[in-house]
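Trainee: Got a predicted model here, sequence first, then my questions.
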Amino acid sequence: MGYYGDFNAVRFAGEKKGGSNQWNSQCEEFNDMCKEVDIDDLNAIGPFFTWNNRGELNRRICCKLDRVMCNEHWSSKFPNSFASFLTPGISDHCPMVVDSGLNFQGKKSLLKFFNFWAEHEDFLPMVDRVWSVDVEGNPMYRLVSKLKALKVELKRLNIKEFWNISERVKFARDDLAQVQERLVMDLVDGALLQEEKVKVEKMVKLSKTEESLAEQKSRVKWLWERDANTSYFFKSIAGWRNRNKIVSLEIGEDTITSGQDRIKEEFVSFYSNLLKEKSAGVSYEGMEELITPTILKE
């Protein structure tokens with residue numbers, strides 16, 4: 001990698017307001033550098049424009065020159081981390097504070113069905129076994145009860161066969177490499193040849209499972225390429241998770257909270273009041289007047 005120096009440029013056209021709109025080569029070099037070293041902006045809150053020339057009226061120029069960037073390793077280790085841009089005070093740049101997100105408590109995730117479960121040899125017998133259990137109650141209760149029981153079995157299957165799939169792929173790759181290194185010394189060893197065959201089949205199976213998991217989680221279209229796109233998909237997952245969380249909420253004009261319980265309360269309160277306003281003025285008699293003519297016509 002070449003030396004790029006100190007950038008004083010924006011990454012995208014929307015990151016500058018005022019002044020010249022000409023896109024210079026330094027912006028392109030900045031984006032090329034980010035792509036080459038594989039870094040991207042960390043999810044951030046606070047002022048979008050982090051620098052201004054303190055000009056008046058039409059002479060004022062605002063840019064996003066300050067940023068917190070991270071690589072894939074950071075995103076994996078601190079998936080809930082975010083940056084806070086503060087007000088500039090007497091400076092012309094906004095100070096930045098990084099929160100590791102270790103105290104962030106997100107919502108409990110729902111069970112997601114992964115397609116590779118259905119390809120496992122134990123899947124259909126497991127579903128048949130759970131569905132054959134007699135449950136007393138009305139049809140909806142029986143359906144819900146069996147789905148809950150199946151959910152437990154699916155979690156067990158996932159932990160037993162697919163948990164930490166990336167590490168399993170790595171171990172399988174190392175095992176295969178060890179066998180093939182021994183084969184270099186003895187190309188006609190029947191036992192080693194058979195062991196290599198078994199290890200190759202295991203490696204292929206786990207790799208396909210890992211790629212299927214990454215594809216389903218990534219929420220992007222499949223890249224029609226010959227090579228596996230696992231790294232790309234897991235980066236997409238990390239990026240989506242980083243953007244798809246609420247780390248702070250502005251309440252009123254001068255209050256900002258990052259407490260998850262307070263954020264939940266504010267959302268519930270806002271939509272409860274909103275629904276009450278929408279339903280205000282609608283009475284039973286009013287609804288009856290609207291419905292009755294239609295019923296009489298029929």
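Mentor: That came in fine, so what should we check first? Numbering: from 1, shown residues only.
Trainee: for the helix or strand where Leu206 lies, packing partners?
Mentor: Leu206 is part of helix 190-218 when elements are defined by DSSP states H and E. Packed against helix 190-218, as judged by 3 or more CB pairs under 8 Å, 6 or more residues apart in numbering; DSSP states H and E, are the following elements: helix 165-185, helix 230-243. In short, each C-beta sits where N, CA and C put it, glycine included.
Trainee: mean pLDDT for these: which is lowest?
Mentor: Ranked by mean pLDDT, these end with helix 230-243 in last place, scoring a mean of 62.
Trainee: Check which element follows that helix along the chain.
Mentor: Per DSSP H and E, the first helix or strand lying C-terminal to helix 230-243 is strand 249-251.
Trainee: And the helices in the chain, which stretches?
Mentor: Using DSSP state H, the helices of the chain run over 25-37, 72-77, 123-131, 139-157, 165-185, 190-218, 230-243, 260-279, 284-297.
Trainee: what's the fourth one in contact with?
Mentor: Looking back up the chat, that one is helix 139-157. Contacts of helix 139-157 from elsewhere in the structure, counted by CB atoms under 8 Å, 6 or more residues apart in numbering, are 111, 113, 117, 120, 122-123, 126-127, 130-131, 133, 135-137.
Trainee: Would you check how far apart Asp174 and Glu167 are?
Mentor: In this structure, Asp174 lies at 11 Å from Glu167, with CB to CB, to the nearest Å as the measure.
Trainee: and if you look at Ser248?
Mentor: When Ser248 is compared with Glu167 (using CB to CB), they lie 34 Å apart.
Trainee: Of these two, which one has the most company?
Mentor: Ranked by neighbour count (other CB atoms under 10 Å), Ser248 and Glu167 place Ser248 first, with 16 against 9.
Trainee: right, and that one touches Ser258 too?
Mentor: Yes: counting by CB atoms under 8 Å, Ser248 sits close enough to Ser258 to count as a contact (4.3 Å).
Trainee: Ser145 - how many residues pack around it?
Mentor: Burial of Ser145 is recorded as 15 neighbouring residues (other CB under 10 Å).
Trainee: so where is the stretch 51-200 of the chain shaky, pLDDT-wise?
Mentor: Counting by pLDDT under 70, the stretch 51-200 of the chain contains low-confidence ranges at 104-111.
Trainee: picking up where we left off before, please indicate which of the contacts of helix 139-157 are buried?
Mentor: Neighbour counting with 16 or more other CB atoms under 10 Å marks Trp117, His120, Phe123, Met126, Val127, Val130 as buried within these.
Trainee: can you tell which of the helices of the chain is closest to Ala83?
Mentor: When those are ranked by distance to Ala83, counting by CB to CB, first place goes to helix 230-243 at 10.8 Å.
Trainee: if I look at the nearest residue to Lys202 once chain neighbours are set aside, how far off is Asp189?
Mentor: On the basis of CB to CB, 6 or more residues apart in numbering, the spatially nearest residue to Lys202 that is not a chain neighbour turns out to be Ala172, at 5.4 Å. Relative to Asp189, Ala172 is positioned 21 Å away (CB to CB).
Trainee: ditto for Gln180
Mentor: Counting by CB to CB - Gln180 and Asp189 are separated by 12 Å.
Trainee: What of Asn21?
Mentor: Distance, Asn21 to Asp189, using CB to CB: 69 Å.
Trainee: Counting neighbours, go ahead and name the busier of those two.
Mentor: Applying other CB under 10 Å to Asn21 and Asp189 shows that Asp189 carries more neighbours, namely 14 against 8.
Trainee: which one is the more buried one nearest to, not counting chain neighbours?
Mentor: For Asp189, the nearest residue in space outside its immediate sequence neighbours is Leu183; the separation is 6.9 Å by CB to CB, 6+ apart.
Trainee: Not counting its own residues, what contacts stretch 160-177?
Mentor: Contact partners of stretch 160-177, identified using CB under 8 Å, 6+ apart, comprise 114, 116-117, 120, 196, 199-200, 202-203, 206-207, 209-210, 213, 234.
Trainee: Got a ChimeraX select line for the buried ones in those residues?
Mentor: Entered in ChimeraX, the line below selects the buried ones among those, by 16+ other CB under 10 Å:
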select :114,116,117,120,196,199,202,203,206,207,209,210,213,234
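Trainee: Return the member of the contacts of stretch 160-177 nearest to Phe48.
Mentor: Phe234 (28.3 Å).
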